[in-house]
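Undergrad: the following block contains a protein sequence and its predicted model.
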Amino acid sequence: MGKHQNLFGQRSEAHVSVERLCRTRNGMSYRRKLVLLLACTAALCGCGSNSSGNSNAPAVQISPGSINFGALPVGTKSPPQFLTLLNNGNAPLAISNVTLTGTPASSFTITNGCGTTLASGSTCQIQLTLLPNAPGQATASLSIADNAPNSPQSVAISGTGLAPAGALVSPPSLSFGSILVDMQSAAQTVQLTNPGGETLSITSVGLTGPGASSYTLTNSCGSTLAAEASCKIAVDFGPTAATSLSASLVIADNASGSPQSVALTGTGRARLLPSVIVYGATPAGIAAAIEAAQLGKQVTLLEPSQHVGGMMSSGLGFSDTYASAAIGGIARQFFQNVNTYYAGNPASGGGLYFEPHAAEDVFNSMLAQQSNITIVPGASLASVQMTGTAIAGLTASNGVTYAGGEYIDASYTGDLMAAANVTYTVGRESTLEYDEPSAGVSTPALFGLEPIDPYSTPGDPNSGLIAHVQPDTLGAPGTADSSVMAYNYRMCITFDPSNKIPFPVPALYNPAEFEILGRLSEGTNPPMQITGFLVANELPNNKLDMNTHGYFSTNEVGESNGYPNGSAAQREQIAAEQARYIQALMYFLQTDSRIPKAVQQKVQGVGLCKDEFTDNGGWPRQIYVREARRMIGTYVLTEADVNLQTTVPDSIGLGGYNIDDHNHHIVNIDGAVYVDRRVGYHPSPYPISYRILTPLVSQVSNLLVPVDFSSSDVAYNSLRIETTYMIVGQAAGAAASLAIDAQQPVQDVDYGALSAQLQKDGAVLTPP
């Protein structure tokens, strides 16, 4: 039965009277309406003092039940909000205290409009404001102590302080070092961060100061920066004069302390002509640049990629090497520096074994010690200008033309040499070309210990050949052909779970692509071991250098043949295909049922490294170009030189690595799979003639080639390692310097002066 109904369900007269009163509100003020509405509500629901049975007591109603000021910037005062107190009891309300407590309560202020007494049926208001004095949540409780039965009453008060927009710049200064006048530095980056809770309004970003015209900026920040966000401003330095040039990067905004500034310093260095232009920051190019710089020459080192170090900083961390006593000069210094880098860690093998990023760090450190070397990253060759038989300049992809007295092509592909119309060759000579017993097409070897059927349907020639097996189009053993040995990627991998990236799952994967490996596994007894087709050599910090091994591995045989003379787009396509192939191979080894469980588990246990090639997802940045073009120059080094059957009157260093070839072809011969690959041998250390660096004098007079030098294919198989490239590169740097000093063609450099300089600089010229 309702509170205002009698036993027959009828409403009392008092209830009817109140109801009439509640419906009569026309002409009343808003305040009076609110008081009346609260009174009516109390009367109709039986609230207030009467509900407690005390007819002469005050009763308090507070509206609203809580207040939230929302989010306000620190130091900004909110609009006021109000609490309304209604005494709907039958006696005066005596208010003894109104207090505010909380964390931090000091952010809130109250203005008590209620005084100490509130008559029955009356209302009053308490005003509250929020002025956040710190970022974060502010909470408080308003407590009213009075003589009502439910005293004290409390109301939850809350709000959030937002840190004002801020502007932090990092680093506070940029130093660009010494840069040739009219050259451009690599860009450096300033990060702008808004640590506040409000959007930062950026009015302007600009350069000021006496050297401002020598700096350029690229602003990716726009006009606003959201709370807790960051953006970057790139700055580069292109000195317009040979002097110290300072400026400031200035950022104007609505943050306190605006404007913010970053100090910029750099020095323009006068161009000392003639200079040496080195194309390719490979180990050979780095050694050439350092040697020429040490001899006082101004060196410009152009690198098509964004990183120095070539294959040594792109995965080839387990160095190919030979007799230690045969290795001197800058090559030896590099390995010693690596050993120092690792503080003698035994895993580095005295500096021979290293992580890719460590090699890059060491090379950068060695280059930084030479103030007259300017490195230009991202500068691939676009064209070459000739004046008679002299290179007058080369134009790079950045649109800049670089002119010097001497040029060194240290690229893996001999692009500068080819663009200058120097005669070169690609592929294998015949045995007759240079009277080399090991030259030309090899005698094909059976793939595996037992014959492997090459047909899609075993025994059925009409079913076609399985993937990676080609028809037998090989010439007779010893004949010439145009193929190059297979390339791959040298992957830096780890078995450390905290640093491992799983091998990428390839697109369009088809296990039939590796049928040859599946059949090899099925035919192997005892079960196939991982070392039969992969080799992983230990590097420091739980890493391995993974390389091809055996007849079928990470080399995609035949895929590399178009690379030496290919366009940039064709080379990118070959590199992408080689990456896809290796990723598919890793997936096959982990998942195919024909691969022994032990092998699957070993491959599953390793992966790419999170801390290597961080700008490329852990994948190596360069494909391993084992051989490309070879110059036909003043002297062609051949197998007879490797075997110490000749007299070399102009040694610039020693070779000594084994004659190391990789597969050229996988073919079907009479229903079985065969491979075409030269079987090499280990020579003793042998002298390398200076003349293999020089083109024919009738072609180019100021070019040296320390990677795609003048050599037969057989001899190149021994010379083609980074250690030897550094040895030969150092000689190229010394010869370029001497040619400048004597103002003569590189073909006429005085060997006595060259050998004396190289020996002074630590080179080893005669076999130990």
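TA: All right, it came through fine.
Undergrad: quick check: buried residues in stretch 512-526?
TA: Within stretch 512-526, the residues that count as buried by 16 or more other CB atoms under 10 Å are 513-521. Using the backbone N, CA and C atoms, a C-beta is placed for each residue, glycine as well.
Undergrad: now swap in stretch 500-515 and tell me
TA: For stretch 500-515, by 16+ other CB under 10 Å, it's 500-501, 503-504, 506, 511, 513-515.
Undergrad: before we move on, what about stretch 396-409?
TA: Those would be 396, 400, 402-409, for stretch 396-409 by 16+ other CB under 10 Å.
Undergrad: cool, stretch 297-311 as well?
TA: 297-305, 307-311.
Undergrad: quote the end-to-end distance of it.
TA: Chord length of stretch 297-311, first to last residue, is 26 Å (CA to CA, to the nearest Å).
Undergrad: all strands for the stretch 351-500 of the chain, in order.
TA: Using DSSP state E, counting those that start in this stretch, the strands found in the stretch 351-500 of the chain span residues 373-377, 381-387, 390-396, 401-402, 406-409, 424-425, 445-446, 455-457, 460-465, 470-471, 491-494, 500-501.
Undergrad: now do the next helix-or-strand element following the last one against strand 460-465, angle only.
TA: This means strand 500-501. Going down the chain from strand 500-501, the next helix or strand is helix 515-522, by DSSP states H and E. Following axes from the mean of the first three to the mean of the last three CA atoms, to 10 degrees, one obtains 120 degrees for the angle between helix 515-522 and strand 460-465.
Undergrad: need the contact partners of the helix or strand that helix 515-522 is followed by.
TA: As assigned by DSSP H and E, the chain's next helix or strand after helix 515-522 is strand 534-539. Strand 534-539 is contacted by residues 317-318, 347-348, 353-355, 492-493, 544-549, 553-554, 606 when judged by CB atoms under 8 Å, 6 or more residues apart in numbering.
Undergrad: change it to 7 Å
TA: Contact with strand 534-539 is made by 317-318, 347, 353-355, 493, 544-547, 549, 553, as judged by CB atoms under 7 Å, 6 or more residues apart in numbering.
Undergrad: so where's this protein shaky on pLDDT?
TA: Scanning the chain for pLDDT under 70 picks out 1-55, 103-105, 271-274.
Undergrad: on that earlier part again, just the buried residues of stretch 500-515 now: which is nearest Asp453?
TA: Asp453 has its nearest neighbour among these in Glu515, at 9.8 Å by CB to CB.
Undergrad: contacts only, for the closest residue to that closest one other than its chain neighbours.
TA: Closest residue to Glu515 in three dimensions, ignoring its sequence neighbours and counting by CB to CB, 6 or more residues apart in numbering: Ile466, at 4.3 Å. Contact analysis of Ile466 by CB under 7 Å, 6+ apart lists 454-456, 515-516.
Undergrad: before we move on, back to that, wait, which of the buried residues of stretch 396-409 is closest to Ser371?
TA: Among these, and counting by CB to CB, the member closest to Ser371 is Gly404, at 17.4 Å.
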